[in-house]
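Enquirer: need a structure here:
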Amino acid sequence: MEIPLLSDIVIILGLAVVVILLFQRFRFPTILGFLATGVIAGPHGLSLINATHDIEILAEIGVILLLFIIGMEFSLRSLALIKRTVLLGGTTQVLATIGLVWLVMLLLDFSNAEGIFMGFLVALSSTAIVLKLLQDKGDINAPQGRVVLGILIFQDIIVVPMMLLTPLMAGGSEDVGTALLLMALKGAFVIIFVLISARYLVPMLLYAVAKTKSKELFILSVVVICFAVAWLTSSLGLSLALGAFMAGLIISESEYSHQATSNILPFREIFTSFFFVSIGMLLDFSFMLQHLPIILFFTLLTFLIKGTVATLAARMLQFPLRISLLVGLSIFQVGEFAFILSKTGIEFGLLSEETYQYFLSVSLLTMGVTPFVVEYYQRIATFIGAPFSSGKEAMPFNPAPAGEHAEFPPLDDHIVIIGYGINGRNVARAARHAKIPYVIVELNAVTVKQERKLGEPIIYGDAVHPVILAHINIQRARVVVVAISDAEATRRIIASIREVSDKVHIIVRTRFVQEMEENYRIGADEVIPEEFETSIEIFTRVLNKYLMPRDEIESFTQTIRSDNYDMLRSMAGRKNSLTSTIDLELPEIEVASLRVYTNDAEIIGKPLMESGVRQRFNVTVVAIKRGSETLLNINPNTYIKQGDILYVVGKPNEVMRFNNYLKAD
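Expert: From the prediction side, this is the model:
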């Protein structure tokens, strides 16, 4: 029996493999590969697909799973850490973009509703593309990465009310007041349902399912919850996407959300690929070529509007111009959720076919140029910001209330800490304990304000700028610790410091080993890569487990560090000078703590001398923990009780044999 859809699926996935392989060679995002696949296979391309309606159904499933995953990853607790960025930055970016696009659409003789809806579409950026690119560059934890993440989270949330408002803007109801009241009641019902389900129903259900230890049952239960809530909201006249988001939100509050995400993720990847392919199939490539000048104009206009608005949003969050420009250069494109929302607009008559083709062309072009812009966004931001980087631009806003800007005591022979993350805090804590004077430079205005109130010597600013370096008296500092996550900014800071002072000792923390050589070349004195330090810490604990003497372990790790981690950097199989100078002799003994489960009368309640533990198992009991008491004076008359924890010494295989005996009933 022939299944018509099967041939279309094979064509789409097979073509996607070829296109994405080609795109990966040029480091293009996978999403662009799926869009290109749709353009090639669609009715405006080679017309390889027949069952376009069935493909759209698969795409709808992809949308449901996409929003379901986002709902599961949405956590009120994690959002609290960046709530200011999400609320202030996100609101500014979305509302300002909508307003500017609405004005442009009015100038083009579109109605208010059409202008606002187009503003909805343009305001949304590509979460999938931007976060992937920033993650690949290692900038996701940099200041611009945190701002971008906060704004994108706000966009992902605001798309839900946008979907609810679209029918009202289209005049779907003559009585707007009644429609708003009805929507509010439906929304209240959904919120109450979500709260009750998240608090009581779903945790109980998933607990019962998890107890069965059936992976199949767990996956089935999660999928049922997803589609059941989506069906419920659809029955109420709300969108399927909203229901999927709410279903994810319900599961996110349970302890099973991570497992659910890992189970659903493979399904989402497959079905969302059909969604992006279906979007590409809608693009009329001949239309794009015929109207290319107009499309390029609107693409540039979109770039300018969104880039400028996002830059201003970051400035409102009190970030310097360079960081703000990086934010604007990251989220200037139109994103995947705009495609979802556009279908709602077409359904309610807010987008004509011609306008929709313009929208698709502009969206795909902005997404297509995003990888190239982000790749070079540091250089672009430097070029744009150069005319404004003089003077006190590094501190454009007042990060603390009046009265909090008292000058520090004269700084001399001090430590400069650049970045007040975990590493920066630990360095400051150690300096304070050692009574060494220090000063902190931080880009997060909220952190600066909070820490100033706690008495920390911290200033707001970008250490790239000479004005900031002069303010912290860098010439008279003994040590500078650069502890930020932005690799490009780190290099610029080192170069700026070396322009001012050759004597200050610069210690740099980096994430990856490939960044070491460049930092040394620019002027860093010491570069500590997290990759290698983590490896050293792990191996130190391994050697401790093997009972190596502490002085030999310390000598070993010190030799690795003094040799600039050459042993860890050398390729497999290469002869390394370090290995020839150190010979670690690992003792064949193990110290272990074993709990007594057995009730065997041969050892329970008997003195060690009579039970013969040492003779039978070749292990020695050196201590016993009994309840809250630890027995250290072990002698032949000491006895063992069920439930004791025995601390024993012996060869690993003998310790294992004794442990198996203690576990026996």
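
Enquirer: strands of this protein, start to end?
Expert: For the chain, the strands defined by DSSP state E occupy 415-418, 438-442, 458-460, 479-482, 505-510, 526-529, 590-595, 619-626, 629-631, 645-650.

Enquirer: elements contacting the third one?
Expert: Applying 3 or more C-beta pairs under 8 Å, 6 or more residues apart in numbering; DSSP states H and E, one finds that strand 458-460 contacts strand 438-442, helix 445-453. No exception for glycine: its C-beta is placed from N, CA and C like everyone else's.

Enquirer: tell me the centre residue of the chain?
Expert: Closest to where the C-alpha atoms of the chain average out (C-alpha atoms, centre = their mean) is residue 140, at 6.4 Å.

Enquirer: verify the contact between that one and residue 134 for me.
Expert: Yes. Residue 140 is in contact with residue 134 according to C-beta atoms under 8 Å; the separation is 4.7 Å.

Enquirer: can you give me the distance of the nearest residue to residue 42 once chain neighbours are set aside to residue 455?
Expert: Nearest residue to residue 42, sequence neighbours excluded (C-beta to C-beta, 6 or more residues apart in numbering): residue 281, at 3.1 Å. When C-beta to C-beta, to the nearest Å is applied, the distance between residue 281 and residue 455 equals 61 Å.

Enquirer: looking at those two, which is more packed in?
Expert: Applying other C-beta atoms under 10 Å to residue 281 and residue 455 shows that residue 281 carries more neighbours, namely 25 against 8.

Enquirer: hmm, that one is touching residue 43, no?
Expert: Yes. Using C-beta under 8 Å, residue 281 is in contact with residue 43, at 6.7 Å.

Enquirer: give me the neighbour count for residue 506.
Expert: The tally of other residues near residue 506 (other C-beta under 10 Å) stands at 23.

Enquirer: can you name the residues bridging to it?
Expert: Beta-bridge pairing of residue 506, defined through DSSP bridges, involves residue 480.

Enquirer: from memory it sits against residue 523, does it?
Expert: Yes. Between residue 506 and residue 523 a contact is recorded at 6.5 Å, counting by C-beta under 8 Å.

Enquirer: shared neighbours of these two, which are they?
Expert: Common contacts of residue 506 and residue 523, defined by C-beta atoms under 8 Å, 6 or more residues apart in numbering, comprise 494, 497-498.

Enquirer: closest to residue 611 out of the residues you listed?
Expert: Proximity of those to residue 611 (C-beta to C-beta) peaks at residue 494, which lies at 65.3 Å.

Enquirer: and the closest one, how far is that from residue 460?
Expert: In terms of C-beta to C-beta, residue 494 sits 21 Å off from residue 460.

Enquirer: and for residue 386?
Expert: For residue 386, the distance to residue 460 - C-beta to C-beta - is 22 Å.

Enquirer: so for those two, which residue has more residues nearby?
Expert: Set side by side, residue 386 and residue 460 show more neighbours around residue 460, with 26 against 10, by other C-beta under 10 Å.

Enquirer: how close does that one get to residue 318?
Expert: For residue 460, the distance to residue 318 equals 7 Å [C-beta to C-beta].

Enquirer: first-to-last residue distance for stretch 283-292?
Expert: Terminal residues of stretch 283-292 are spaced 13 Å apart (C-alpha to C-alpha, to the nearest Å).

Enquirer: got the contact list for residue 155?
Expert: By C-beta under 8 Å, 6+ apart, the contact set of residue 155 is 90, 93-94, 123-125, 127, 335, 337.

Enquirer: read off the pLDDT value for it.
Expert: Predicted confidence (pLDDT) at residue 155: the value is 85.

Enquirer: mind starting the numbering at 870 from now?
Expert: Taking 870 as the first residue, the last one we looked at is residue 1024.

Enquirer: can you report how many residues neighbour the residue nearest to residue 982 when sequence neighbours are not counted?
Expert: Leaving out its chain neighbours, the residue that sits closest to residue 982 by C-beta to C-beta, 6+ apart is residue 1038, at 4.4 Å. Applying other C-beta under 10 Å, we find 19 other residues in the vicinity of residue 1038.

Enquirer: quick check: residue 1038 touching residue 1219?
Expert: Yes. Using C-beta under 8 Å, residue 1038 is in contact with residue 1219, at 6.7 Å.

Enquirer: any residues in contact with both of the two?
Expert: Counting by C-beta under 8 Å, 6+ apart, the contacts common to residue 1038 and residue 1219 are 982, 986.

Enquirer: tell me the contacts of the residue nearest to the centre of the chain?
Expert: Counting by C-beta under 8 Å, 6+ apart, residue 1009 makes contact with 1000, 1003, 1018.

Enquirer: can you do 6 Å?
Expert: Neighbour list for residue 1009: residue 1003 [criterion: C-beta atoms under 6 Å, 6 or more residues apart in numbering].

Enquirer: state the distance from it to residue 1187.
Expert: Separation of residue 1009 from residue 1187 (C-beta to C-beta): 21 Å.

Enquirer: same deal with residue 1169?
Expert: 29 Å.
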